Structures are given as structure tokens and as C-alpha cells.
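K.L.:
sharing a model that was predicted from the sequence below.
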Amino acid sequence: MSDDAVHLSHADLVALLERIFVKNGVSEHNARILAENCAGCERDGSLSHGVFRMPGYVSSLNSGWVDGKAVAEVEDVGPAFVRVDAKGGFTQPAFFAARPLLIEKVKANGVAVLAIRRSHHFSALWPDVEPFAEEGFVALSVVNSMACVVPHGGKKAVFGTNPVAFASPRAGSAPFVFDQASSAIAHGDVQIAARAGHELRPGMGVDRDGQPTNDPKEILDGGALLPFGGHKGNSIALMVEILSAALTGGYFSGEFDWSGHKGAQTPYTGQFFVVIDPARGGNDVFAERVAGICDLVLEAGQERLPGDRRHLTRAKAQRDGIPLSAESHAKLVSLAADR
Ligand code: NDP
Ligand code: PYC
């Protein structure tokens, strides 16, 4: 970050992003949720899903592809099953609409699932799961996106970058949280590398002829990504399609047609959660056991645990402000200004 970086408090960044969302047709209620989410990503250094995404949100909203004012419909479909129709809006407001009922069911039954459909998720997943672990629950969530990943050995993109996020309470420190794409690299990071003129490491993608390439521009220009870890990541990507789309009633990553909405960028898919009350496991020292296995991993030589980098970045941002390059700050100010 250069010397002319701008440092904003979390509240100021949320207010700026909220103005952009509202100006582009998002209801105030939904705008607050999306702004909190995006600012939280920037604060934690999840830069592929921070303010870098704002022009994409705006472009999608202006294309008429996503309904920023959508009011989700929450359905109570079983003792441990909540379904939500996001009605073509963003996933996060639909998720927050269903969350109280989901928690009620987790407390009553020890476990509950949440299936969101007809929803647009354009962010990181950790903000969706981490708060569950802070409240003492174990949570797993998956979301599918837009077809840009070729199946292992295949020729045509079928999967989205389909992340999986998991969060668990951990005694004595922040929850254990991982959040990772099932592709070798997130699409957002390919865009960032293309913009910066950086090559990718080998094994991330193919060009439009299906040949391996390290050039992010070739991947974006008709090429595709690969699953991480060959056939193993491939099965995880497929599982994510099954849970996020087949089970919820949402679209597969290659199924929705956004060709009539020039500028559309937000995938129109589904999201799935399973949330567990670990107290039902009958182990009073669950969180201590989690801390124990994490300590063993670190003692064995792993440099750090997933989530550690985010929490360090968050602590620094809380102390010094969230750093934005002068260029991205100017972009946000111009997006928030009257046309
Ligand atoms: P990364 O590969 O950067 O990181 C994946 C996970 O591994 C993180 O939990 C990270 O923790 C952890 N990690 C990274 N390096 C190490 C290390 N050296 N040791 C231990 N743990 C490590 O993430 P991805 O590029 O796969 O995904 C980036 C984001 O993109 C995710 O937030 C994901 O949800 C989002 N995404 C969203 C999609 C959507 O459709 N909405 C689609 C695809 C991706 P830490 O954060 O602390 O670095
Ligand atoms: O970074 O792969 C990605 C992504 C897809 C949809 C939102 N983010």
C-alpha cells in the first residue's frame, strides 16, 4: 500500500458502501447488511471480496439482473429444516431473515440445516459461518457460483469456484475457521492478478483451447479454472453443486442465463448451511479439544492456522483504520456521488 493510502474506520467504510448500494437501487435494510459484509472482508484483508467487488455489485444491479430490494420468504419445513426463497435478491439478507429460526431449531434439536435458493452470493463465506462459532455452534456452509471451472479431465466449464467454509468454537482464542474455493484459485484472485499484470502459479487454469496457462488474462478470456487437487477438489466442487443447487432448488453454476443482462456479475444460485450445537455431543470440553488439536498441528510445524491471518489483519485495521489505496478510495467516492 503506497504512502497516499486512506485509512477509514469500519463504521465510515460501512457508511460509504451503504450509500453506494442505496444509490444503485438496494433497500436501506439490505444495503446495511451488504455494506457490513463487504467492509468486513476489506477489514480482514479478504481483498478478493472486499471493496474490489463494489463495481461488480453496481454493474449487476444496474443490469437488472439482481433485485436489491428483494424481501426473502422464510419457510419452516421441518423440525430441523429451514428453506428460504431469496426472490432474486442477494443471499446475505435472505440468510439474516432465516437466521433466528435456524438458531431456534439448532437449540431445539441439536442440529438444523438452512437451504437458500434464488440468491446472489458475491462475497466470502467466512462472514456467514464465523458468528455461529462465536455463539458456540459448529457451522458448515457451501455456495455455488458461475461456471468457470472445468471438471477434472474435462473440456467445458461446469462448476463454479464453489467455496466451502467451516467454523468451530475453540477455547482460549478466536474460532477455528477455514473458507476456501474448490477451484485452484478464486475467480476474484484471477481478476486481481490480471489487473496487476502478474502471472499465476502453474496448475490453476487453461486457455480457451484447453491448454494449461499461467496467464490470468487468458483464463478470463474464454479459458477456465481447474479444481484444486485434481479429482479430489473436483468431488468437493460437485458436492457443493448438489447441496447448494440440487438440494436447495437453486440453479447449478452453469444453468442460469445472464446473457440478457449486460454487466451482470453476481452468480444466481443457492447456498446451504448445516449448524450443530456441539453440547449435544456430550463432551463438556469440546472447545478445549478443538484448541488441543489446533495446538498439536502448530506444534507439529504448521506455520499458522486458517483464520489467523484475517484476525491479525483485523486487529491492525481496528487499531489503524482499514487501509484503502487512494485509487480505490476515489473509486468508491465516485460510485457514491450523485451522477
Ligand atoms: P485462500 O486459498 O486464500 O485461503 C483458503 C483458506 O486457507 C483460508 O481460510 C485461509 O486463511 C487459509 N490459509 C491460506 N494460507 C494458509 C496457510 N499458509 N496456512 C494455513 N491456512 C492458510 O482462499 P481462496 O482463494 O480459496 O478463497 C478466497 C475467498 O473467495 C474465500 O473467502 C471464498 O469464500 C471466496 N469465494 C467466494 C465465492 C462465491 O461464490 N461467493 C466463490 C469462490 C471463492 P486466512 O483467511 O487466514 O488466510
Ligand atoms: O472469487 O471465485 C470467486 C467468486 C465467484 C463469485 C464470487 N466470488
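P.N.:
Thanks, I have it. Ligands and ions are numbered 1, 2, ... in the order given.

K.L.:
any low-confidence regions in the stretch 1-150 of the chain?
P.N.:
Confidence mapping of the stretch 1-150 of the chain against pLDDT under 70 gives the ranges 1-3.

K.L.:
what ranges do the helices span in it?
P.N.:
Assigned by DSSP state H, counting those that start in this stretch, the helices in the stretch 1-150 of the chain fall at 10-23, 28-43, 54-62, 91-109, 126-134.

K.L.:
and for the last one, what's in contact with it?
P.N.:
If you take C-beta atoms under 8 Å, 6 or more residues apart in numbering as the criterion, helix 126-134 is touched by 37, 40-41, 44, 46, 92, 95, 138-141, 165-170, 175-177, 179, 271, 273, 275, 307, 310. The way it works is simple: take the backbone N, C-alpha and C, and place the C-beta from them, glycine included.

K.L.:
quick one: that helix to helix 28-43, angle?
P.N.:
Using axes from the mean of the first three to the mean of the last three C-alpha atoms, to 10 degrees, the direction of helix 126-134 lies 90 degrees away from that of helix 28-43.

K.L.:
and if you look at the fourth one?
P.N.:
Taking the same axes, to 10 degrees, helix 91-109 and helix 28-43 form an angle of 90 degrees between their directions.

K.L.:
if we can go back for a sec, between the helices of the stretch 1-150 of the chain, which gets nearest to residue 189?
P.N.:
helix 28-43 (13.1 Å; C-beta to C-beta).

K.L.:
residues in contact with the closest residue to residue 146 other than its chain neighbours?
P.N.:
In space, and not counting its chain neighbours, residue 146 is closest to residue 267: 4.4 Å by C-beta to C-beta, 6 or more residues apart in numbering. Going by C-beta under 8 Å, 6+ apart, residue 267 touches 120, 121, 122, 144, 145, 146, 160, 253, 256.

K.L.:
what sits against the closest residue to residue 17 other than its chain neighbours?
P.N.:
Nearest non-adjacent residue to residue 17, counting by C-beta to C-beta, 6+ apart: residue 35, 3.8 Å away. Contacts for residue 35 were tallied using C-beta under 8 Å, 6+ apart; they are 13, 14, 15, 16, 17, 18, 20, 21.

K.L.:
now, of those residues, which are buried?
P.N.:
Buried by 16 or more other C-beta atoms under 10 Å: 13, 14, 16, 17, 18, 20, 21, out of the contacts of residue 35.

K.L.:
how about the first one: what's its closest non-neighbour residue?
P.N.:
Of all residues beyond its chain neighbours, the one nearest residue 13 is residue 39 (4.3 Å), with distances taken as C-beta to C-beta, 6+ apart.

K.L.:
ok, now residue 291?
P.N.:
Among residues not flanking residue 291 along the chain, residue 171 sits closest, at 4.3 Å (C-beta to C-beta, 6+ apart).

K.L.:
then the one you found would be within a helix, right?
P.N.:
No: applying DSSP: H, G, I helix; E, B strand; the rest coil, one finds residue 171 to be coil, outside a helix.

K.L.:
what's near enough to touch it?
P.N.:
If a contact means C-beta under 8 Å, 6+ apart, then residue 171 has 285, 287, 288, 290, 291 as its contacts.

K.L.:
contact partners for the spatially most central residue of the chain?
P.N.:
Nearest to the mean C-alpha position of the chain, counting by C-alpha atoms, centre = their mean, stands residue 124 at 2.1 Å. Residues in contact with residue 124 (C-beta under 8 Å, 6+ apart) are 41, 46, 48, 49, 163, 165, 179.

K.L.:
so which of the helices of the stretch 1-150 of the chain gets nearest ligand 2?
P.N.:
helix 54-62 (8.4 Å; C-beta to the nearest ligand atom).

K.L.:
extract the C-alpha set from the closest one and format it as CSV.
P.N.:
Output of helix 54-62 as CSV, limited to C-alpha atoms (Å, rounded to 0.1, in the frame of the first residue of the first chain):
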residue,chain,number,x,y,z
MET,A,54,-18.2,-2.8,-5.5
PRO,A,55,-18.1,-2.0,-9.2
GLY,A,56,-19.3,-5.6,-9.9
TYR,A,57,-22.2,-5.2,-7.4
VAL,A,58,-23.1,-1.9,-9.1
SER,A,59,-22.9,-3.3,-12.6
SER,A,60,-25.1,-6.3,-11.7
LEU,A,61,-27.7,-4.0,-10.0
ASN,A,62,-27.8,-1.7,-13.0
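
K.L.:
alright, calling it a day.
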